[in-house]
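[1] Here is my input, please return the structure:
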Amino acid sequence: MLSTRFIRELTLASPQNADSARHISAASGMVVVGRFLYVIADDELHLGVFDNSGIGAGTLVRLFPGELPDASAERKALKPDLEALVRLPSFPGYPHGALLALASGSRPNRRTGAVVKLDESGLIAGEPCPCDLTPFYSSLESKFPALNIEGAVVVADELVLLQRGSKAQPESALISFSLCEIFRATNPETANVSQVAASHVRFFDLGAIEGAPLSFTDGTALPDGRFVFSAVAENTEDSYQDGPCVGAAIGIIGTDDRVETMLRLEPTEKVEGIHATVEGDRISLLLVTDADDASVPAKLLIAEIPV
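    Numbers count the residues shown, from 1 in each chain. As a prediction, the model looks like this:
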C-alpha cells in the first residue's frame with residue numbers, strides 16, 4: 001500500500017468567466033518545470049499554471065479558442081479531452097523546449113494538441129500553438145479501435161504515449177515514437193503529422209480491482225531510464241463513458257519493459273497526473289487528481305516510494 005499526503009487544492013485566482021468555477025476539477029496531466037507547475041484538465045480549453053511552492057492560486061492560459069457549455073453532458077460531448085501533458089526537450093525553434101498537450105483521441109473532436117514554448121526559467125514564452133492531429137490519431141486508431149491516450153513521457157530519445165484500457169479492452173499499452181519525428185511534426189515550419197509512425201508498441205496487463213482493469217493514466221521519467229506510472233481502475237465499459245474509480249496504483253516500469261513495482265494507493269484517489277524526482281534512496285512523487293465532479297477542486301498530493 002502507498003499513502004499520500006494532501007498539499008493543496010488546485011484553486012484559481014480568477015475563473016475564465018464570471019460563471020465558471022474558481023478551480024480546476026478534472027486534472028488530467030501535470031508537468032513541473034522549475035518553480036512552475038503546469039496542469040491540464042480534460043474538460044477545459046486552458047492550461048493551468050501554479051507556483052510549485054504550493055503558495056497562491058493558479059492562473060489559466062488559453063490553449064484553444066471558443067467556449068464550452070457549463071452543462072455536464074454538453075460539455076463532455078464538445079470538450080477536446082486533453083489528457084496528456086509532457087515537456088519536450090530543446091528542438092529547432094524551441095531552444096528551451098516546450099510543453100506538448102495531447103487529447104485522448106477517443107472521438108473525432110478529440111484529436112488535437114497544443115505546443116507551448118518555454119523560456120530558460122520554464123515560463124511560457126509566447127502564444128500556445130494549437131495543432132490538428134487528426135492524421136496522427138487516425139493512424140493510432142487503426143491499431144487501437146478503442147483509442148484513449150491518457151499520458152505521455154519522454155524516455156531517452158523517444159516519446160512514449162500511454163494507452164488506457166477499459167473493461168471492454170482491458171490491456172494498456174505503451175506506444176513509442178522517435179523524438180526527432182515528433183519535433184518535425186510539432187514545428188510549424190516542418191509540421192506533417194501524417195508521417196509520424198510508431199516505432200514499437202508494448203502491451204501490459206496491470207491486473208484488476210473489483211473486476212475493473214487497472215489502466216495507465218500518466219507517466220514520468222526517472223534519470224536511470226525507468227519511468228513511474230499512475231494507473232486507475234475505473235468501472236466503465238469504454239473510452240467515452242465515465243465510471244466510479246474503484247482503485248488506483250503507482251508503479252515503475254524498468255528499462256526491460258517489465259513492471260518492477262506496483263503499489264496500491266490507500267485511500268483511493270483518481271490520480272491522472274504524476275511527476276517524480278529522485279531524492280537519495282527515495283522517489284518523491286507529486287500527483288494530481290480528477291474529482292469527477294465539476295464542483296470539487298482537483299487535489300495536489302505527495303507520496304514517496306523506494307528507488
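
[2] any low-confidence regions in the stretch 1-150 of the chain?
    In the predicted model, the stretch 1-150 of the chain carries pLDDT under 70 at residues 15-21.

[3] Tell me where it has helices.
    For the stretch 1-150 of the chain, the helices defined by DSSP state H, counting those that start in this stretch cover 72-78, 134-141.

[4] Could you pull out the buried residues of the first one?
    Using 16 or more other C-beta atoms under 10 Å as the test for burial, helix 72-78 gives 76, 78. The C-beta positions use only the backbone N, C-alpha and C, and glycine is treated the same way.

[5] Residues in contact with it: which ones?
    43, 68-69, 109, 294 (C-beta atoms under 8 Å, 6 or more residues apart in numbering).

[6] could I get the helices of the stretch 1-150 of the chain as a markdown table with distance to His23?
    Below are the helices of the stretch 1-150 of the chain laid out as a markdown table (distance: least, C-beta to C-beta, whole Å):
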| stretch | distance to His23 |
| --- | --- |
| helix 72-78 | 16 |
| helix 134-141 | 30 |
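
[7] Out of those, which is closest to Gly219?
    helix 134-141 (16.9 Å; C-beta to C-beta).

[8] what comes up buried for the closest one?
    So helix 134-141, judged by 16+ other C-beta under 10 Å, has buried residues 136-137, 140.

[9] what does stretch 107-120 give?
    Under 16+ other C-beta under 10 Å, the buried positions of stretch 107-120 are 107, 110-118.

[10] Show me the shaky parts of the stretch 201-307 of the chain.
    238-240.

[11] one more time with 50
    Scanning the stretch 201-307 of the chain for pLDDT under 50 picks out no residues.

[12] returning to that earlier point: and of the contacts of helix 72-78, the nearest to Ala231?
    Nearest member of the contacts of helix 72-78 to Ala231, counting by C-beta to C-beta, is Asp43, at 21.2 Å.

[13] Surely that closest one and Ala71 touch.
    No - using C-beta atoms under 8 Å, Asp43 makes no contact with Ala71, being 11.6 Å away.

[14] So for those two, which sits in the more crowded spot?
    Taking neighbours as other C-beta atoms under 10 Å, Asp43 and Ala71 compare with Asp43 leading, 19 against 9.

[15] Of the helices of the stretch 1-150 of the chain, which is nearest Leu301?
    helix 72-78 (24.9 Å).

[16] Restricting to C-alpha, output the closest one in CSV.
    Extracted as CSV, the C-alpha positions of helix 72-78 are listed here (Å, rounded to 0.1, in the frame of the first residue of the first chain):
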residue,chain,number,x,y,z
SER,A,72,-22.1,18.4,-18.0
ALA,A,73,-23.4,16.3,-20.9
GLU,A,74,-23.0,19.0,-23.4
ARG,A,75,-19.5,19.9,-22.2
LYS,A,76,-18.4,16.3,-22.3
ALA,A,77,-19.6,16.0,-25.9
LEU,A,78,-17.7,19.1,-27.1
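
[17] Check which residues of stretch 149-164 are buried.
    The neighbour-count check on stretch 149-164 (16+ other C-beta under 10 Å) flags 149-155, 158-164 as buried.
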